[in-house]
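[1] Sharing a model that was predicted from the sequence below.
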Amino acid sequence: MTAGSLGCGLSAGLGMAYYLKLQAMPSRVFVLLGDGELQEGPVWEAAMSAPALGLGNLIAIVDCNRFQSCGAIEDIIPQRRIREVWSGFGWNVTETDGHCMESIIRTLNASYSNDDTPTCIIARTIKGKGVSFMENNNDWHQKKPDENEYLQALKELKAERASLL
C-alpha cells in the first residue's frame with residue numbers, strides 16, 4: 001500500500017502483521033519509511049505496539065538520507081539517536097548501507113530469525129546518489145529534471161552501474 005509521508009504506513013503494516021500472526025501464517029510485512037516520516041505520531045504509536053504484540057513478522061526499513069520535503073532533518077527536528085529510540089521500544093535494530101544490495105539482502109535475511117521481536121533496519125543512504133547535481137541536494141525532492149538534466153543523470157547512472165560490474 002502507499003501511505004505517503006503521513007506516518008500511517010507502519011500502523012497499516014502492524015495491522016497486517018498482527019492478522020498474519022493470528023492466522024498463523026508465515027508471511028512477513030515490510031514497511032518502508034523515510035527519516036522525515038519519523039516525525040509523525042502514528043509511527044511511534046505503532047512502534048510501541050509492535051513489540052507488545054510479539055510481531056516478529058514486521059520489518060520496518062527506515063531510509064535515512066537526512067532530508068525531508070522541507071529541508072534537512074538536522075535543521076527541522078534532529079534525529080541523532082534513531083537506533084536507540086527503536087531499540088528502546090523493544091525492536092531488534094540493525095543498520096545497513098542502503099546502496100549496497102548485498103548488504104541489504106544480508107540484513108533482511110538476518111531479520112528472519114526473530115520470532116517475536118519486530119525488526120527495524122536503518123538504511124543509510126545519500127539522497128540522489130549517483131547523479132552529481134542531485135546528490136545531497138534537497139531541491140530535487142519535489143522537482144523533475146529537464147531534458148538535458150535527465151540525459152546527464154542517465155549518463156552518470158550508467159557510468160556508476162558500469163563501475164560496479
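    Alright, I've got the coordinates.

[2] Do a quick rundown of the helices in the protein.
    For the chain, the helices defined by DSSP state H cover 9-22, 41-52, 73-76, 82-88, 101-111, 147-164.

[3] same question for the fourth one, mean pLDDT?
    Spelled out, that is helix 82-88. For helix 82-88, mean pLDDT rounds to 94.

[4] Please name every helix or strand in contact with that helix.
    Counting contacts by 3 or more C-beta pairs under 8 Å, 6 or more residues apart in numbering; DSSP states H and E, helix 82-88 packs against strand 58-64, strand 92-97, strand 119-124. Backbone N, C-alpha and C define where each C-beta goes, glycine included.

[5] returning to that earlier point: so which of the helices of the chain comes closest to residue 62?
    Between residue 62 and the helices of the chain, the tightest spacing by C-beta to C-beta is seen for helix 82-88, at 6.7 Å.

[6] ok so, going back, columns mean neighbour count, distance to residue 85 and mean pLDDT on top of the helices and strands packed on helix 82-88, output as CSV?
    Output for the helices and strands packed on helix 82-88, formatted as CSV (neighbours: other C-beta atoms under 10 Å; distance: least, C-beta to C-beta, whole Å; pLDDT from 0 to 100):
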stretch, mean neighbour count, distance to residue 85, mean pLDDT
strand 58-64, 23, 11, 95
strand 92-97, 18, 9, 96
strand 119-124, 22, 9, 96
